[in-house]
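Q: Next one to model:
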Amino acid sequence: MPLRDEYKLRSSDLRKILGVAPATLNEIFRKQDVDDKLAKNGATKSISNADVRKIFESRGFSFPKKAEVISFICCKGGTAKTSSCYQTSVRLSQCGSRVLSWDGDSQGNLSTCYHKPFQDFEFAESTPVFLDVITGEQEFEDVLIEVTENLTLLPSTPANSTLDSAIERKFKNQSIAFAKYINRVRDQFDYILIDCAPVLNTTNLGIIAASDKIVIPLNSDDFSALALRQTLEEIKNIRDEFKLGPVDVKILLTRIDGREHVANGRFIAAISETLDKEAEDRLGKKYLRCEIANTVIASSTDIKKTIASGDDLFATRSRAKDDYDQFARDLVGLTDFEKGRRGRKGAAKK
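A: As a prediction, this is how the structure comes out:
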């Protein structure tokens, strides 16, 4: 049984995504055998993930046949990697996707995001983690926790602090450490989102090698600009060393204060300059397809509040809710339904 009720998409959000009026949405519900009382008179109601999936598919969206692996990584801490991975996982699940949310950091912060809503459940020293899979003490499928019917967590605890050395002992080629297990469940999920520690280590090497897309969250400061250069350099070196193909990299600007126009402008200019240099660099040309995400994440206390309370950010009216909604859908191509434009624009094919 799932540990909690599913996170649900609201009918008002579905109307906005599809670009339709309440009456049209009710007609869609009728055609897809969804309860037509959900949005009577424009009222906001919650819709099951299964029904949302059915509606999106009827409007031309194709969920991946095999999971896309998307990692959230940056060499600097405090850039909202964990919050972004968590909120994106939740939103994609609300949009009908089958999501594996993988905690790749031994601090276990992503796992803690899911902890609060659980009943009679606690993460403890005995909680099975990925280290137990690598050492052969657990089967990979047995460490997965079903949060909702279509959102699964692979948790982490401080026990994973020795994961690097365990991977190095088991694998001559550390680049396959994550891919080996991902391939076992790739047809069970649409998206596998991995939250990474802010370090350059063997664990992140395996994650980068297994990734189809990489999201680099950044704050508007000079240290983040430096961290971007270091992170891109590491990605290039790994893709080059293990003869891997190019990877799509999305730069996500987070915790942006709209009042700091000058500082934000300088920061974006610095990021753009870095990406221009990567486009000219030999390895950059070969292994990176970089761009700044169209949506920035506004600074908001609602993000911390909802995580701490176990509530759903997407049930609020905050600016951050709208930002993460747009980012999550852009990331996988779940956009452009209105005016006859449908489908997974720019999404990777499997």
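Q: Counting neighbours, what do you get for Phe140?
A: Phe140 sits with 16 neighbouring residues when counted by other CB atoms under 10 Å. Any C-beta I mention is one placed from the backbone N, CA and C, and that applies to glycine too.
Q: thought it was touching Arg184?
A: Yes: using CB atoms under 8 Å, Phe140 is in contact with Arg184, at 5.9 Å.
Q: Check the contact lists of those two and give me the overlap.
A: Contact with both Phe140 and Arg184 is made by no residue, according to CB atoms under 8 Å, 6 or more residues apart in numbering.
Q: Just to be sure, Leu252 is in a helix?
A: No: assessed with DSSP: H, G, I helix; E, B strand; the rest coil, Leu252 is strand; it does not lie in a helix.
Q: Look at it and report its pLDDT.
A: Looking at Leu252, its pLDDT is 96.
Q: what do you get for the one 5 residues further on?
A: Predicted confidence (pLDDT) for Asp257: 77.
Q: in terms of contact, does Ser220 touch Ala269 like I think?
A: No: with contact defined as CB under 8 Å, Ser220 does not count as touching Ala269 (11.3 Å).
Q: higher neighbour count, these two?
A: Of the pair Ser220 and Ala269, Ser220 is the one with more neighbours under other CB under 10 Å, namely 22 against 11.
Q: Quick one: residues contacting the residue nearest to the more buried one when sequence neighbours are not counted.
A: Nearest in space to Ser220, with sequence neighbours left out and distances taken as CB to CB, 6 or more residues apart in numbering, is Phe267 at 4.3 Å. Going by CB under 8 Å, 6+ apart, Phe267 touches 220-221, 224-225, 253.
Q: same thing with Ala159?
A: Taking CB under 8 Å, 6+ apart as the test, what Ala159 contacts is 106, 125, 127, 129, 131-132.
Q: pLDDT score for Ala340?
A: Ala isn't right for residue 340; it's Gly. Predicted confidence (pLDDT) for Gly340: 42.
Q: Just the buried residues out of the contacts of Ala159, in ChimeraX syntax.
A: Listed next is the ChimeraX selection for buried residues among these, using 16 or more other CB atoms under 10 Å:
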select :106,127,129,131,132
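Q: In helices, which of the contacts of Ala159 fall?
A: Judged by DSSP state H, helices contain the following of the contacts of Ala159: 131-132.
Q: Does Gln138 touch Thr127 like I think?
A: No: look at Gln138 against Thr127 with CB under 8 Å: they stay out of range, at 10.5 Å.
Q: Which of the residues in stretch 234-244 are classified as buried?
A: Buried-residue list, stretch 234-244, by 16+ other CB under 10 Å: 234-236, 238-239, 244.
Q: Now do the strands in the stretch 101-250 of the chain.
A: Counting by DSSP state E, counting those that start in this stretch, the stretch 101-250 of the chain has strands at residues 145-148, 151-154, 191-196, 213-218, 247-253.
Q: Next SSE downstream of the longest one?
A: In this case it means strand 247-253. Going down the chain from strand 247-253, the next helix or strand is helix 261-280, by DSSP states H and E.
Q: centre of the chain versus that following helix, how much separation?
A: Taking CA atoms, centre = their mean, to the nearest Å, one finds helix 261-280 lying 24 Å from the centre of the chain it belongs to.
Q: for stretch 211-225, same thing?
A: Stretch 211-225 sits 14 Å away from the centroid of its parent chain (CA atoms, centre = their mean).
Q: Would you indicate which residues of that stretch are buried?
A: Result for stretch 211-225 [16+ other CB under 10 Å]: buried residues 211-220, 224-225.
Q: Tell me which two in the residues you listed are the farthest apart.
A: Largest separation among those by CB to CB: Asp212 and Ser220, giving 27.6 Å.
Q: the inter-axis angle of the lowest-mean-pLDDT helix or strand in the chain versus strand 213-218?
A: Least confident element among the helices and strands of the chain, by mean pLDDT, DSSP states H and E: helix 261-280 (a mean of 84). Angle of helix 261-280 versus strand 213-218, following axes from the mean of the first three to the mean of the last three CA atoms, to 10 degrees, is 150 degrees.
Q: and helix 261-280 with strand 247-253, angle?
A: 170 degrees.
Q: Tell me which helix or strand comes right after helix 261-280.
A: helix 282-287.
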